[in-house]
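Chemist: Please find the sequence and the predicted model below.
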Amino acid sequence: MHCPFCSATDTKVVDSRLAAEGAQIRRRRQCPECLERFTTFEMTELVMPRIIKSSGKVEPFDVAKLKRSVLLCLQKRPVDLDQQDALISRVEQALRRLGEREIASKLVGEIVMAELKTLDDVAYVRFASVYRDFQDIEAFRAELDQFDGTPKAQAK
């Protein structure tokens, strides 16, 4: 690993830890030449399935797009960054486990909704309202009627 400060060609690993529920390794490194420290993240590179949109268009899986939509519905909710990252990781793992080269965007949405429902009810309803294209208050009521009233565990 090249040093980002002095471009030395070799750096020393000072500490390694698991991150993102074991999906990444966080490495603390130090440059023997300039003595600066920096952090790198290592993860396996797996090919994600392509997404078939409702229009029939096929596009590559975009984790940034997934994060944006999830973070949007989690705004101002008591869910910390680690929980958000873990949710994204679980969705990616679920998509990989399907073993398909192409997956319908509808299935991706259902997986995200299932994860959100276990994490935060408000975020789930926010996501569902956009994903299922709620047109009126009755659509919200129908979705809310599916809840059993058990509060979710609060975020740390």
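Modeler: Nice, I can see it.

Chemist: Could you check this structure and say which of its helices or strands has the lowest average pLDDT?
Modeler: Of all the helices and strands that make up the chain, helix 137-144 has the lowest average by mean pLDDT, DSSP states H and E, namely a mean of 70.

Chemist: Helix or strand: which one has the spatially closest residue to residue 111 that is not a sequence neighbour?
Modeler: Spatial nearest neighbour of residue 111, excluding adjacent residues (Cβ to Cβ, 6 or more residues apart in numbering): residue 94 at 5.0 Å. Yep, even glycine has a C-beta here, placed from its N, CA and C like the rest. Element membership of residue 94 [criterion: DSSP states H and E] is helix 81-97.

Chemist: what's the next secondary structure element after that helix?
Modeler: Next along from helix 81-97, by DSSP H and E: strand 102-104.

Chemist: Partner strands of that following strand and their direction?
Modeler: Its sheet considered, strand 102-104 pairs with strand 50-52 (parallel) by DSSP bridges.

Chemist: which other residues reach the partner strand?
Modeler: 58-62, 101-105, 108 (Cβ atoms under 8 Å, 6 or more residues apart in numbering).

Chemist: That one: which residues count as buried?
Modeler: 51-52 (16 or more other Cβ atoms under 10 Å).

Chemist: likewise stretch 115-129?
Modeler: Quick answer for stretch 115-129 (16+ other Cβ under 10 Å): 115-117, 119-121, 123-128.

Chemist: now swap in stretch 99-117 and tell me
Modeler: Per 16+ other Cβ under 10 Å, stretch 99-117 contains these buried residues: 103, 105, 107-109, 111-113, 115-117.

Chemist: what's the closest non-adjacent residue to the residue nearest the centre of the chain?
Modeler: Residue closest to the average C-alpha location in the chain (Cα atoms, centre = their mean): residue 88, at 1.6 Å. Closest residue to residue 88 apart from its sequence neighbours, by Cβ to Cβ, 6+ apart: residue 67 at 5.8 Å.
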